[in-house]
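Colleague: got a predicted structure plus its sequence, pasted below:
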Amino acid sequence: MMIDDDDEEEEEKIEVLIEFVKRLSNGFDGDFQDLILKAKVFSIFELLLCDFTCSKRVREHVSLAIEALVNFNRNVFVGLVLMGPTIQALINMNSSCSISSSVFIDQLDQKSID
């Protein structure tokens, strides 16, 4: 069976996103956060999340990576989520991820109150 280039690229993106989430789950690291901010990782995620030509699977993994960023350092990333198009894109996602989006939004709301 031959793998389409688009399928291969999608799988690569998903693998990178999964590894990124795993790295974030190790806990806060100031040096890693500096790299994330300098590389504008959040902006890249936001572009992918809002790009409806991007596959639904990739966008779902991007939403998980954004959630992991918020868990990594909510003081930095909650504001980015709430101030830009990310929150609306999460709400508009029409998939099983939209359920976790509402949970994610509740989490953001709760964490911003803390």
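Modeller: Noted; the coordinates are in hand. Numbering: from 1, shown residues only.

Colleague: what comes up buried for stretch 73-83?
Modeller: Of all the residues in stretch 73-83, those buried under the rule 16 or more other C-beta atoms under 10 Å are N73, R74, F77, V78, L80, V81. Backbone N, C-alpha and C define where each C-beta goes, glycine included.

Colleague: how about it as CSV, C-alpha atoms only?
Modeller: Output for stretch 73-83, consisting of C-alpha atoms alone and laid out as CSV, is shown next (Å, rounded to 0.1, in the frame of the first residue of the first chain):
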residue,chain,number,x,y,z
ASN,A,73,2.1,27.7,32.2
ARG,A,74,-1.4,29.1,32.4
ASN,A,75,-0.1,32.6,33.4
VAL,A,76,1.4,33.0,29.9
PHE,A,77,-0.8,30.9,27.6
VAL,A,78,-4.4,31.4,28.9
GLY,A,79,-4.3,35.1,27.8
LEU,A,80,-3.1,34.1,24.4
VAL,A,81,-5.9,31.6,24.0
LEU,A,82,-8.6,34.0,25.2
MET,A,83,-7.4,37.1,23.3
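
Colleague: what mean pLDDT does it get?
Modeller: For stretch 73-83, mean pLDDT rounds to 88.

Colleague: now for R57: which residues touch it?
Modeller: With contacts taken as C-beta atoms under 8 Å, 6 or more residues apart in numbering, R57 has the following neighbours: E10, I14.

Colleague: how near is it to E46?
Modeller: According to C-beta to C-beta, to the nearest Å, R57 stands 18 Å off from E46.
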